[in-house]
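Trainee: Okay, sequence plus prediction incoming.
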Amino acid sequence: MPLVKPFAGLRPAPGRAAEVIAPPYDVMSAPEARTLAQGRPWSFLHISRPEVDLAPDTDPYAPEVYAKAAQNLAAMRAEGVLRQDPQEGFYVYRLTMGGHVQTGLAGAASVAAYDQNRIKKHEYTRPAKEDDRVRQIDALNAQTGPVFLVYPAAAAIDAELARTAQQTPDVDVTAGDGVRHQIWALADPERVAALTAAFDAMPALYVADGHHRSAAASRVAAARRAGDPQASGAEAYNHFLAVIFPHDQMQILDYNRVVRGLNGLSPEAFLDALKPAFTVVPEPQPARPAKPAEFGLYLSGQWYRLALDPALIPTDDPVARLDVSLLTEQVMRPLLGIADQRRDQRIDFVGGIRGLDELQRRVDSGEMAAAFALYPTSMAALMAVADAGEVMPPKSTWFEPKLADGLVSHLL
């Protein structure tokens, strides 16, 4: 089976995309989802976060939540708000956020390639979140949240996507966060075949965002194959919805840290404890790191720039040389006693989209004792970790802009 194949997408009917488009299901709390869905009966949140239509105290993992998602999807199809395309094809998907533009391809990616690590992962998943996506896919008999994949930039593919994007888009809608989403259906058989072959020639694709969605798709496929002795491998459930962008168009923002205490140290003692490993320089303005192995620290109303001694940076380990790893090994673990960042309640994470002012606010409010600003992880570093078969530390990457839910879904 091809690495990526065309499919007949379920999409908003012409002129309905603005009513349907929704943020990714996992970037908001339940109260935020309820607020966003108010007055928007056709928002895809009624499918991706169907608890918005149930009592506020409903367990989001309760069976009635998934049943409500299926009911809402059926209603949107019955009302003609969502329609399945009559023929298979690819979809060119362009995101524009301010001056940043990235153009990718929506297709059905191979579960077998994912299982064989040709579609490479770089994060661990949490069982509860995986289970949730499995139930969602089974209830809907569809994949509605696209997995965000990356391919090593290839001139032929990039040119084909750019050529398509010169035409009038089928969808052109700006979401509430100001990100513009444009989609072009590409069904010409020769062009579809050429793109399929071009992706097939690639040694690997990389999961940027959507590890739980891809893992859930793999589990659903395995379960359905087990119950289908006549399965050929071509079944829709053997593929998962993905949008694939070239690596050199990706925008990764910083993923910063705030901590609730200094492990018994005074601010002065903490600064002194940093000095054997770092050059510590006070800054009059927020200290945004300018390069790898440089960190910003906000402590007691003052910003500092921390530059790590180059001799302490590993050169032969793609995980150990990540800035998030360096901060863990030089600060979080030895000085603050924070070893397990997945479970330790003394640390929290702030996506770079919120800016350094958010770090300062959380410390000044008294909620947190200190904040650390990090240099963004590069796409090359992420790919090196995946190629080595390793896993990134928690909260290493924050991709922006994000894909929307509802603009194209994959029916099983």
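Mentor: Perfect, I can see it now.

Trainee: Which secondary structure element of this protein has the lowest mean pLDDT?
Mentor: Least confident helix or strand, the chain: strand 398-399 with a mean of 90, by mean pLDDT, DSSP states H and E.

Trainee: After that one, which helix or strand is next?
Mentor: For strand 398-399, the succeeding helix or strand toward the C-terminus, using DSSP states H and E, is strand 410-411.

Trainee: distance between that following strand and the chain's centre?
Mentor: When C-alpha coordinates are averaged (C-alpha atoms, centre = their mean, to the nearest Å), strand 410-411 and its chain have centres 20 Å apart.

Trainee: Quickly run through the sheet partners of that strand, with directions.
Mentor: strand 142-143 (antiparallel) (DSSP bridges).

Trainee: what sits up against the partner strand?
Mentor: L10, L73, I137, R213, A217, F240, L241, S409, H410, L411, L412 (C-beta atoms under 8 Å, 6 or more residues apart in numbering). To be clear about C-beta, it is placed using only N, CA and C from the backbone, and glycine gets the same treatment.

Trainee: in the sheet, who's paired with the most centrally placed residue in the chain?
Mentor: Compute the mean C-alpha point of the chain, and by C-alpha atoms, centre = their mean the closest residue is D209, 2.9 Å away. When bridges are called by DSSP bridges, D209 pairs up with F148.

Trainee: Now do the same for the closest residue to Y375 other than its chain neighbours: its pLDDT.
Mentor: Spatial nearest neighbour of Y375, excluding adjacent residues (C-beta to C-beta, 6 or more residues apart in numbering): P289 at 4.0 Å. Looking at P289, its pLDDT reads 98.

Trainee: did I read that right, P289 in a helix?
Mentor: No: counting by DSSP: H, G, I helix; E, B strand; the rest coil, P289 is not found in a helix; it is coil.

Trainee: That one contacts L356, doesn't it?
Mentor: No: the criterion here is C-beta atoms under 8 Å, and P289 misses it with L356 at 10.2 Å.

Trainee: who touches both of those two?
Mentor: Joint contacts of P289 and L356 (C-beta under 8 Å, 6+ apart) are G296, A373.

Trainee: hang on, the earlier thing: show me what contacts the residue nearest to Y375?
Mentor: P289 sits next to D254, F295, G296, R305, D323, A373, L374, Y375 when contact means C-beta under 8 Å, 6+ apart.

Trainee: Let's see that with 6 Å instead.
Mentor: Contact analysis of P289 by C-beta atoms under 6 Å, 6 or more residues apart in numbering lists F295, G296, Y375.

Trainee: And stretch 78-89, what's buried?
Mentor: For stretch 78-89, a neighbour-count test (16 or more other C-beta atoms under 10 Å) marks V81, L82, D85, G89 as buried.

Trainee: From D26, how far out is the closest residue to E123 other than its chain neighbours?
Mentor: Nearest residue to E123 in three dimensions, chain neighbours excluded: H211, at 4.7 Å (C-beta to C-beta, 6+ apart). The gap separating H211 from D26 is 11 Å, by C-beta to C-beta, to the nearest Å.

Trainee: can you check S232 too?
Mentor: 33 Å.

Trainee: between these two, who's got more neighbours?
Mentor: D26 (17 against 8; other C-beta atoms under 10 Å).

Trainee: quick one: contacts of stretch 202-218?
Mentor: 111, 114-115, 118-121, 123, 125, 129-130, 133-134, 137, 145, 147-151, 240, 383, 386, 399.

Trainee: now stretch 156-167
Mentor: Stretch 156-167 has contacts (C-beta under 6 Å, 6+ apart) with V92, R94, T103, W184, L186, A198, P246.

Trainee: Can you tell me the number of residues neighbouring the closest residue to the fifth one other than its chain neighbours?
Mentor: When you say that, I think you mean L186. Among residues not flanking L186 along the chain, F90 sits closest, at 4.7 Å (C-beta to C-beta, 6+ apart). Other residues within reach of F90, judged by other C-beta under 10 Å, total 28.

Trainee: Dihedrals phi and psi, F90?
Mentor: Torsion angles at F90 (phi, psi; degrees, to the nearest 10) stand at phi -100, psi 170.

Trainee: and if you look at the one 3 residues further on?
Mentor: Its backbone dihedrals place Y93 at phi -130, psi 120, with angles given as degrees, to the nearest 10.

Trainee: Name all residues that make contact with it.
Mentor: By C-beta under 6 Å, 6+ apart, the contact set of Y93 is G104, A106, I183, V243.

Trainee: make it 10 Å
Mentor: Neighbouring residues of Y93 by C-beta atoms under 10 Å, 6 or more residues apart in numbering: 102-106, 146, 161, 165, 169, 171, 181-184, 243-245, 403-404, 407-408.

Trainee: cool, F240 as well?
Mentor: Residues near F240 by C-beta under 10 Å, 6+ apart: 107-111, 114, 119, 137, 143, 145-147, 149, 210, 213-218, 220-221, 410, 412.

Trainee: Inside strands: which ones of those?
Mentor: Within the contacts of F240, residues falling in strands by DSSP state E are G107, A108, A109, S110, I119, Q143, V147, L149, H410.

Trainee: can I get those in CSV with pLDDT?
Mentor: Below are these laid out as CSV (pLDDT from 0 to 100):
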residue, pLDDT
G107, 98
A108, 98
A109, 98
S110, 98
I119, 97
Q143, 98
V147, 97
L149, 97
H410, 98
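
Trainee: Looking at the residues you listed, spot the one nearest V259.
Mentor: Nearest to V259 among the ones in strands among the contacts of F240, counting by C-beta to C-beta, is V147 at 31.8 Å.

Trainee: That closest one and A293, how far apart?
Mentor: 31 Å.

Trainee: Who has more neighbours out of the two?
Mentor: Legend: neighbour count by other C-beta under 10 Å for V147 and A293, higher for V147 (26 against 20).

Trainee: For the closest residue to that one other than its chain neighbours, grab phi and psi.
Mentor: If the residues on either side of it in the chain are set aside, V147 comes closest to G210, at 3.5 Å by C-beta to C-beta, 6+ apart. The phi/psi pair for G210 (degrees, to the nearest 10) reads phi 110, psi 30.

Trainee: re earlier: hang on, isn't the residue nearest to L186 packed against T196?
Mentor: Yes: counting by C-beta atoms under 10 Å, F90 touches T196, with 8.4 Å between them.

Trainee: shared neighbours, those two?
Mentor: Taking C-beta under 10 Å, 6+ apart as the contact rule, the neighbours common to F90 and T196 are V4, K5, P6, G107.
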